[in-house]
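Trainee: generate coordinates for the sequence data below:
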Amino acid sequence: MKYSNHKYKIIAFLLFVLLNSCISYKKTLYFQGDALQLEPPNLSETYVLKKRDMLQIRITSPETERVQNSTTESSQGSSGSNPYFSNYYIDDSGYVELMLIGKVKVDGYTIMQVDSLITQKVQEYMNQASVDVKFASFKFLALGEFIAPGQYYANNETCTIYEAFAIAGDVSMFSNKRNVQLIRTMSNGSKKIFHLNLTDYSTFTSENYFIQPNDILYVQPQRAKIDKQNVAILSIGLSLISIALVVLSRIK
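Mentor: The predicted model follows:
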């Protein structure tokens, strides 16, 4: 009779732990609440280029454009790709080297400033030249409760945090979307940590809606995941205790 009472207590305890480890439906959702209209994102901080970033630069003029277009038609057909953006690596001195104008210092400037700077230099050699500058790609880290955590590359300088999640394969059902950490390297080398709630529409208007090169995204697990792991361990332990109790009761 005494053993039977212990058995019921063990079962009741296991049921209590299991119920507490269940994941609520609401915690798995991204967007919650009503939002009929959202303001534009708060872009209070524009990214400043750093050494070892990779840029794509295209320099064109009416003359070169005619040659390039005829070459594209003959060799590329209707592929729709644009082969005239060239990749440029920002070296350890903060420069990129262009064929026409030589080395240009771009470290410490924004992309718009670099575009203007190169345009001024190019127009000394070519009339009516136009310049396009953009990121070739930049890396970010996805850590924690992502389905496929790791290092990834974004090919768009306006990559949003939700695009970054999609690139990394989204997050698991055990992820805590209410407290996502974004760790950003500032221009002076220091780190700044932001806490984002991806279940709230306010993320769309946040200054961190767009990620930046070398950002680290860390998604914490929900308590339910830890509880589930603990339940498995507890079940094994309690099974062993139950066996031990049965053995002891028979010996007595």
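
Trainee: hang on, residue 173 in a strand?
Mentor: No - counting by DSSP: H, G, I helix; E, B strand; the rest coil, residue 173 falls outside a strand, being coil.

Trainee: count the neighbours of it for me.
Mentor: 12 (other Cβ atoms under 10 Å). All C-beta spots, glycine's among them, are computed from the backbone N, C-alpha and C.

Trainee: ditto for residue 199
Mentor: With other Cβ under 10 Å as criterion, residue 199 counts 19.

Trainee: and residue 119, by the same measure?
Mentor: When neighbours are counted by other Cβ under 10 Å, residue 119 comes out with 15.

Trainee: can you pull out the strands in the chain?
Mentor: 54-60, 86-89, 95-98, 102-105, 130-144, 150-154, 175-185, 191-196, 216-221 (DSSP state E).

Trainee: of all these, which one comes closest to residue 111?
Mentor: With Cβ to Cβ as the measure, strand 130-144 is the member of these nearest residue 111 (5.5 Å).

Trainee: quick one: buried residues of that closest one?
Mentor: Buried positions in strand 130-144, judged by neighbour count with 16 or more other Cβ atoms under 10 Å: 131, 133, 135, 136, 137, 138, 140, 141, 142, 144.

Trainee: what packs against it?
Mentor: Contact here means 3 or more Cβ pairs under 8 Å, 6 or more residues apart in numbering; DSSP states H and E; on that basis strand 130-144 packs against strand 54-60, helix 111-122, strand 150-154, helix 161-167, strand 216-221.

Trainee: on that earlier part again, out of the strands of the chain, which comes closest to residue 119?
Mentor: Closest among the strands of the chain, using Cβ to Cβ: strand 130-144, at 4.4 Å.

Trainee: adjacent strands (with direction) for that closest one?
Mentor: Its sheet considered, strand 130-144 pairs with strand 54-60 (antiparallel), strand 150-154 (antiparallel), strand 216-221 (parallel) by DSSP bridges.

Trainee: what are the contacting residues of the longest one?
Mentor: For strand 54-60, the external contacting residues (Cβ atoms under 8 Å, 6 or more residues apart in numbering) are 49, 68, 82, 84-90, 96, 98, 100, 106, 111, 114, 118, 122, 126, 129-138.

Trainee: before we move on, the earlier item: so which of the helices and strands packed on strand 130-144 gets nearest residue 198?
Mentor: helix 161-167 (7.5 Å).

Trainee: no more questions from me, cheers.
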